[in-house]
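Visitor: whatever this is, show me its structure:
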Amino acid sequence: MLNGWFVLIGDAFFNGSIVLASFAAKLGAANWVIGLLPALLNTGSMVPQVFIASYVARLPVKVALYRRVALLRVASLGIVALGGFFLGHWPELLLWVFVLGLALNGFFTGFSSLPFWEAIAKTVPMERRSGLFSARNLVGGGLAFGAGYLVRLVLELPLAFPYPYAILFTLGTLAFAYGWHLFAQIDEPPDKEIRTERISLGLPFRDFYFRRFLRVRILLAVASMVEPFYVAYAVRTLGHKSEIGTYLMVYTLFSVLSNLLWAQVSKYYGSRSLILIGAALGAATPVLALLLPKTLFWLVFALQGTYLAAIGVGTSVYLVNLAPTNARSSYIGLSNTIVGVLAFSPVLGGLLADRVGYLGPIAVATICYAWALYAGRRLKLLEAVRPR
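Guide: Modelled structure (predicted):
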């Protein structure tokens, strides 16, 4: 729980769709580079998982690997923060150092994700996992809202660019470091038997319900191409500048408040319902982004925080609950690796935006979110539904 609180604070300072995207936009980065930033974090953290799943499965205590890579994760973000302080006069070099640091962090995170989920699965009963993450996101999101207010204050400081962003990246690095340190202290019980789990594409794919779930996750991953471009659209098309901090606060606030609802929805209807709700709201948001007047554009970030919270909790908990104990690393590793490759979809969104304008990624995202909603209706209901 404490880990989640500090990690969500760090996420606020390194928010890929708002802070990182606005930073890259001010550096003059092309749209495909703006789309690359969240892709580096997501893809790097997912792709290595299938290759280390067998190794993780054989570790009696999975969190031991989590501890070993935590320092590397901190160092990679430290590169980003230091670049902001010392490379401001060389914007092109700063951009590449920025990209390198995020790429390294994503890669190292890939070695932490499986131990994290294995430790959660071993210490938290199935029926309490959705509630845990909703509560974790609720309190952590409240703290992140305060961090969003701090982001707004820092960006309004009379300091030359990129020093305000360097301050934000430093604060984010410190928050992440403490959060990762806290999770490393978890008292994970060792496996009673050493698992000799082998990774095979045929193993999870023989599960009919896993194939259905993977199809939905792939559609959601492709749809995510639009996420970084709401703020790029606001900066470059609508001319918004000081509103960036406000947008982060709105995003965080609605992510927090929605978790109150998602905890109850998951309790009575299961994690599948969160996936369906998130996909429905995700399909509606790109359309609204084109229709809303400038003064109401903050509603886009309110919806974005709401549906990403639902999708994040829903897909993570659903996969952990779906995977059998003796093949959990295979299911999680294979799913996250496949989806991780598709996390480069924001790069495609950027190329579309450069060619045809922001209407390109908006149209594709709307179709994919709607398709995910249709396909998600056939997902297996895993958790027992409680009577109302």
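
Visitor: contacts only, for residue 351.
Guide: Counting by Cβ atoms under 8 Å, 6 or more residues apart in numbering, residue 351 touches 31-32, 35. For the C-beta atoms, the positions are set from N, CA and C on the backbone; glycine is no exception.

Visitor: what is the nearest of those residues to residue 291?
Guide: residue 31 (21.6 Å; Cβ to Cβ).

Visitor: hang on, isn't the closest one packed against residue 357?
Guide: No: using Cβ atoms under 8 Å, residue 31 makes no contact with residue 357, being 9.7 Å away.

Visitor: those two: who's more crowded?
Guide: residue 31 (28 against 13; other Cβ atoms under 10 Å).

Visitor: which strand or helix spans residue 166?
Guide: helix 163-183 (DSSP states H and E).

Visitor: cool, and residue 334?
Guide: helix 328-342.

Visitor: what ranges in the stretch 151-300 of the chain fall below the confidence cut-off?
Guide: Along the stretch 151-300 of the chain, the parts satisfying pLDDT under 70 run over 193-202, 240-242.

Visitor: show me the helices in it, by range?
Guide: Along the stretch 151-300 of the chain, the segments classed as helices by DSSP state H, counting those that start in this stretch run 163-183, 202-205, 208-223, 229-236, 243-269, 271-291, 298-322.

Visitor: between the last one and helix 229-236, how big is the angle?
Guide: In other words, helix 298-322. If you take axes from the mean of the first three to the mean of the last three Cα atoms, to 10 degrees, helix 298-322 sits at 160 degrees to helix 229-236.

Visitor: now for helix 298-322, which elements pack on it?
Guide: Helix 298-322 sits against helix 91-123, helix 126-155, helix 208-223, helix 229-236, helix 243-269, helix 271-291, helix 328-342, with contacts defined as 3 or more Cβ pairs under 8 Å, 6 or more residues apart in numbering; DSSP states H and E.

Visitor: contacts for the fourth one?
Guide: Going back to what we said before, that points to helix 229-236. With contacts defined as Cβ under 8 Å, 6+ apart, helix 229-236 is touched by 17-18, 21-22, 25-26, 31, 34-35, 240-241, 243-244, 247, 289, 297, 300-301, 304, 346, 349-350, 353, 358, 361-362.

Visitor: PyMOL command to pick out the buried ones of those residues?
Guide: This is how PyMOL selects the buried members of the contacts of helix 229-236, with burial counted by 16 or more other Cβ atoms under 10 Å:
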select buried, resi 17+18+21+22+25+31+34+35+240+243+244+247+289+297+300+301+304+346+349+350+353+358+361+362
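
Visitor: any idea how far the nearest residue to residue 317 once chain neighbours are set aside is from residue 335?
Guide: Excluding its sequence neighbours, the residue lying closest to residue 317 (Cβ to Cβ, 6 or more residues apart in numbering) is residue 271, at 4.3 Å. Counting by Cβ to Cβ, to the nearest Å, the separation of residue 271 from residue 335 is 14 Å.

Visitor: the two: which has the busier surroundings?
Guide: A count of neighbours by other Cβ under 10 Å puts residue 271 above the other of residue 271 and residue 335, at 27 against 23.

Visitor: the more buried one and residue 382 touch, don't they?
Guide: Yes: counting by Cβ under 8 Å, residue 271 touches residue 382, with 6.8 Å between them.

Visitor: any shared contact partners between those two?
Guide: The contact sets of residue 271 and residue 382 overlap at 318, 321 (Cβ under 8 Å, 6+ apart).

Visitor: return the residues in contact with residue 148.
Guide: By Cβ under 8 Å, 6+ apart, the neighbours of residue 148 are 12, 245, 248-249, 251-253.

Visitor: for those, which two are the farthest from each other?
Guide: Within the contacts of residue 148, 245 and 253 form the most distant pair, 12.5 Å apart (Cβ to Cβ).

Visitor: still on that earlier bit, figure out which of the helices and strands packed on helix 298-322 is closest to residue 54.
Guide: Short answer: helix 328-342, nearest of the helices and strands packed on helix 298-322 by Cβ to Cβ, at 7.5 Å.

Visitor: run through the neighbouring helices and strands of that closest one.
Guide: helix 31-46, helix 49-58, helix 91-123, helix 202-205, helix 208-223, helix 298-322.

Visitor: can you redo those as JSON lines with distance to residue 166?
Guide: Below are those laid out as JSON lines (distance: least, Cβ to Cβ, whole Å):
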{"stretch": "helix 31-46", "distance to residue 166": "16"}
{"stretch": "helix 49-58", "distance to residue 166": "31"}
{"stretch": "helix 91-123", "distance to residue 166": "10"}
{"stretch": "helix 202-205", "distance to residue 166": "43"}
{"stretch": "helix 208-223", "distance to residue 166": "31"}
{"stretch": "helix 298-322", "distance to residue 166": "24"}
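
Visitor: out of the ones you listed, flag the one nearest residue 267.
Guide: Per Cβ to Cβ, nearest to residue 267 of these: helix 298-322, 11.8 Å.

Visitor: buried sites along that closest one?
Guide: Residues 298, 300-322 are the ones in helix 298-322 that count as buried (16+ other Cβ under 10 Å).

Visitor: so what's the gap between it and the chain middle?
Guide: 9 Å (Cα atoms, centre = their mean, to the nearest Å).

Visitor: angle of that helix against helix 243-269?
Guide: Going by the same axes, to 10 degrees, helix 298-322 makes 40 degrees with helix 243-269.
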